[in-house]
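1. fold the following and give me the result.
(one chain, ligands or ions: 1)
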Amino acid sequence: MNDPASSPTHNSLGSESVGADASYAVEVEGLSRSFRGKVALENVSLAVPSGTVFGLVGLNGAGKTTLIRHLIGSLAAKQGRVRVLGEDPVADPEGVLKRVGYLTEEDSLPKWIRVGELIDFTRAIYPTWDQAYATELCDLFSLSRSTKLSALSKGGRARAGLLVAIAHRPQLLILDEPSSGLDPIARRDILEAIIRTVNDDGRTVLFSSHLLEEVDRVCDHVALMHDGQIIETTTSNQLSSEYIEIVCRFERSVSAPPSISGVFGWQASGGEWSAAAKLDQFDRNAFLSAHELIETRPLSLERWFSARVRPVAVAAIEGEPTNV
Ligand SMILES: Nc1ncnc2c1ncn2[C@@H]1O[C@H](COP(=O)(O)OP(=O)(O)OP(=O)(O)O)[C@@H](O)[C@H]1O
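-> As a prediction, this is how the structure comes out:
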């Protein structure tokens with residue numbers, strides 16, 4: 001776990017200025033992108049500190065894959081600036097990609113190829129390929145060199161993709177929704193072990209996922225994307241030291257959630273209401289004088305996420321409380 005005090009990724013990272021610096025594996029500044037007039041990325045700035053496991057979370061269509069496609073050079077920055085391991089991935093694709101491992105959610109490997117051929121083909125591309133590690137991963141993933149990818153399950157192909165993404169021991173491993181093809185056992189036992197192994201070596205992992213529980217377990221930094229923007233970046237330390245979840249009860253007659261300093265993301269559950277609160281802005285005494293506080297508890301990543309992206313359920317407040 002990184003010390004947030006020494007980390008450059010404080011909240012509202014979007015406004016942080018970045019320069020080419022080896023202490024960041026990824027630097028993005030002012031990146032915008034539209035497809036046929038529809039905004040996919042809007043003025044995105046992001047700095048991923050080297051040696052971290054950095055989670056990128058967001059709802060479907062938030063812009064995660066579009067951002068990642070700029071990092072691997074499959075999209076050129078039309079507006080803004082992108083540096084990966086200090087280099088421009090479009091100007092120097094070879095220099096960047098030989099040091100990067102990438103696994104996408106798409107089941108895109110050629111199905112006619114055998115596992116051994118895939119390994120040999122990929123090995124030829126990467127000067128840092130570690131054949132002993134590749135053999136170890138084959139065993140770990142229960143992959144046989146002679147098996148055709150078409151004969152593997154989707155999860156099997158995802159494991160093959162993971163193998164060739166990491167056997168050259170990349171300085172930066174980018175995983176875009178890697179779990180979608182993996183079964184729960186592979187997710188928990190294999191993916192998490194790989195992420196930790198890569199990171200223990202001092203390498204950086206950028207991990208995009210819908211599965212907040214998974215992100216919570218493996219990531220020490222998290223950026224939240226919403227509608228093409230990075231709306232907040234936090235660390236697990238910051239989440240536990242700077243936020244709480246408050247649980248309270250209101251009269252049924254309230255027509256809108258009260259506006260309380262530092263409190264956001266009201267949700268109803270079983271007659272009780274909960275919200276996230278930023279501790280340095282939360283006036284606990286004022287709150288206690290007006291509301292029946294049931295409890296405060298640590299704010300989970302999932303609750304932080306939903307509090308940031310979900311609108312307040314006013315309709316639910318006016319009537320019978322419901323799960324929102
Ligand atoms: N090649 C493209 N052409 C047109 N629109 C695109 C293209 N790529 C992305 N978009 C649009 O850009 C927006 C962001 O998409 P993106 O795939 O980056 O989101 P995401 O956060 O990765 O979503 P998901 O989690 O569903 O993969 C969406 O509205 C998407 O429809």
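2. you'd agree residue 70 is in a helix?
-> Yes. Residue 70: assigned to a helix according to DSSP: H, G, I helix; E, B strand; the rest coil.
3. hang on, isn't it packed against residue 31?
-> Yes. Taking contacts as Cβ atoms under 8 Å, residue 70 lies within contact range of residue 31: 6.3 Å. Using the backbone N, CA and C atoms, a C-beta is placed for each residue, glycine as well.
4. now do the shared contacts for those two.
-> The contact sets of residue 70 and residue 31 overlap at 41, 77, 82 (Cβ atoms under 8 Å, 6 or more residues apart in numbering).
5. show me where the chain has helices.
-> Assigned helices in the chain, in chain order: 64-71, 93-97, 115-125, 131-140, 154-166, 184-185, 192-200, 212-218, 236-242, 284-290, 301-309, 314-318 (criterion: DSSP state H).
6. now do the fourth one against helix 154-166, angle only.
-> The one in question is helix 131-140. Helix 131-140 and helix 154-166 are oriented at 160 degrees to each other (axes from the mean of the first three to the mean of the last three Cα atoms, to 10 degrees).
7. which strands or helices does helix 131-140 pack on?
-> With contacts defined as 3 or more Cβ pairs under 8 Å, 6 or more residues apart in numbering; DSSP states H and E, the packing partners of helix 131-140 are helix 115-125, helix 154-166.
8. which of those sits closest to the ligand?
-> helix 154-166 (15.6 Å; Cβ to the nearest ligand atom).
9. who does that closest one touch, helix- and strand-wise?
-> With contacts defined as 3+ Cβ pairs under 8 Å, 6+ apart, helix 154-166 has these neighbours: strand 100-103, helix 115-125, helix 131-140, strand 172-176, helix 192-200.
10. 7 Å instead, please
-> Judged by 3 or more Cβ pairs under 7 Å, 6 or more residues apart in numbering; DSSP states H and E, the packing partners of helix 154-166 are strand 100-103, helix 115-125, helix 131-140, helix 192-200.
11. pick the most buried one from those.
-> Of all those, strand 100-103 has the most neighbours on average by mean count of other Cβ atoms under 10 Å, namely a mean of 22.
12. give the pairing partners of that strand; include direction for each.
-> Sheet partners assigned to strand 100-103 using DSSP bridges are listed as strand 172-176 (parallel).
13. gap between the closest residue to residue 309 other than its chain neighbours and residue 234?
-> Once flanking residues are discounted, residue 309 sits nearest to residue 226: 5.2 Å by Cβ to Cβ, 6 or more residues apart in numbering. Counting by Cβ to Cβ, to the nearest Å, the gap from residue 226 to residue 234 is 14 Å.
14. more neighbours, those two?
-> residue 234 (24 against 17; other Cβ atoms under 10 Å).
15. test my guess that residue 186 contacts residue 155.
-> Yes. Counting by Cβ atoms under 7 Å, residue 186 touches residue 155, with 5.7 Å between them.
16. list residues touching both of those two?
-> Counting by Cβ atoms under 7 Å, 6 or more residues apart in numbering, residue 186 and residue 155 have no contacts in common.
17. get me the contact residues on this protein for the ligand.
-> Within the chain, the positions near the ligand by Cβ under 6 Å from any ligand atom are 35, 38, 40, 58, 60-66.
18. please redo it, this time with the cut-off set to 8 Å
-> Taking Cβ under 8 Å from any ligand atom as the contact definition, the chain meets the ligand at 33, 35-36, 38-41, 58-69, 105, 176-177, 208, 210, 225, 228.
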